[in-house]
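**Q** Everything below, folded, please.
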Amino acid sequence: MFERNSLVIIPTYNESENIIDIIDEIFLLDDNFNILVVDDNSPDKTANLVKEKIKSNKERLFIIEREKKMGIGPAYIDGFEWALKNNYENIYEMDADFSHNPLDLSRMKVFLIKDGVDVVIGSRYKTGVNVVNWPIQRVLISYFASWYARIITGTPIMDLTSGFVGYKSDVVRDILKEGIKFKGYAFQIEMKFKAHNMNYHLYEIPIIFTDRVRGDSKLNLSIISEAIFGLISMKLKHFFLKIFR
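**A** Okay, the predicted model is just below:
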């Protein structure tokens, strides 16, 4: 019987070329991670591949099928709620496209379980710029987005936009109680901002981020604009709430 201690949430939209390989790589680890795929009705039938895989991995692999593409933030929220309902203690976010190395999950788990860390962040920018195969313009957008977010929010994390994160369940529960505003790129920033302001211990570990080889990127200009303009309103709201409490 597999224990339900650590859950990796993987949101998907048209990831049929990657999803089974990433599941297999995670299952090869010695850390007994379970996996929850949250699929947004992928036209390429990603969900069908996962459901076929579940037949031989019923105790470790699960899926939430949503009716349409609704954004990465709502996908993770659905995954978080499922994880809390099923009593997972440690909850991880991870992309399906191998831009995040599954081996780094084991490194993250050490910090989250043994070192008193509440949120562990796989950071592209803690020790410089550790990004492979991205065009320079995308590196600059990502790096300065994290820099901008750090300045606006006052959150002392080098890679606030990282989507490779591990949370203790109490952090996720408290953030969901307060509510999440953003649906896209800024969702990752909002999660870390709120965890920091709740006085949880956030810690970054350096990772090598490698651009996807198969499939298409989901980044677009509307997601970036949400991050740029939405963060100011989020910070102001937090500021005034502190004053009038």
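**Q** Just list the residues touching the residue nearest the centre of the chain, thanks.
**A** By CA atoms, centre = their mean, the chain has its centre lying nearest to Glu93, at 3.3 Å. Each residue near Glu93 by CB atoms under 8 Å, 6 or more residues apart in numbering is listed here: Ile9, Tyr76, Gly163, Phe164, Val165, Gly166, Tyr167, Gln188. For glycine as for every other residue, the C-beta is placed from the backbone atoms N, C-alpha and C.
**Q** Filter those down to the buried ones, ChimeraX style.
**A** Those of these that count as buried under 16 or more other CB atoms under 10 Å are selected in ChimeraX with:
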select :9,76,163,164,165,166,167,188
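**Q** which residues does the nearest residue to the residue nearest to the centre of the chain once chain neighbours are set aside form a beta bridge with?
**A** Closest residue to Glu93 apart from its sequence neighbours, by CB to CB, 6 or more residues apart in numbering: Val165 at 4.8 Å. When bridges are called by DSSP bridges, Val165 pairs up with Glu93, Ile121.
**Q** I'd assumed Val120 was in contact with Val165.
**A** Yes - using CB atoms under 8 Å, Val165 makes contact with Val120 at a distance of 7.0 Å.
**Q** Could I get the buried residue list for the one helix or strand Ala75 maps to?
**A** Using DSSP states H and E, Ala75 sits in helix 72-85. Across helix 72-85, burial judged by 16+ other CB under 10 Å covers Ile72, Gly73, Pro74, Ala75, Tyr76, Ile77, Asp78, Gly79, Phe80, Trp82, Ala83, Leu84.
**Q** for the closest residue to Phe80 other than its chain neighbours, what are its contacts?
**A** Counting by CB to CB, 6+ apart, Val172 is the residue found nearest to Phe80 once chain neighbours are left out, at 4.9 Å. By CB under 8 Å, 6+ apart, Val172 lies in contact with Phe80, Ala83, Leu84, Ile91.
**Q** low-confidence ranges in the chain?
**A** Across the chain, the ranges flagged by pLDDT under 70 are 1-3, 212-245.
**Q** show me where this structure has helices.
**A** Applying DSSP state H to the chain gives helices spanning 19-27, 46-54, 72-85, 103-114, 136-153, 169-178, 186-197, 221-244.
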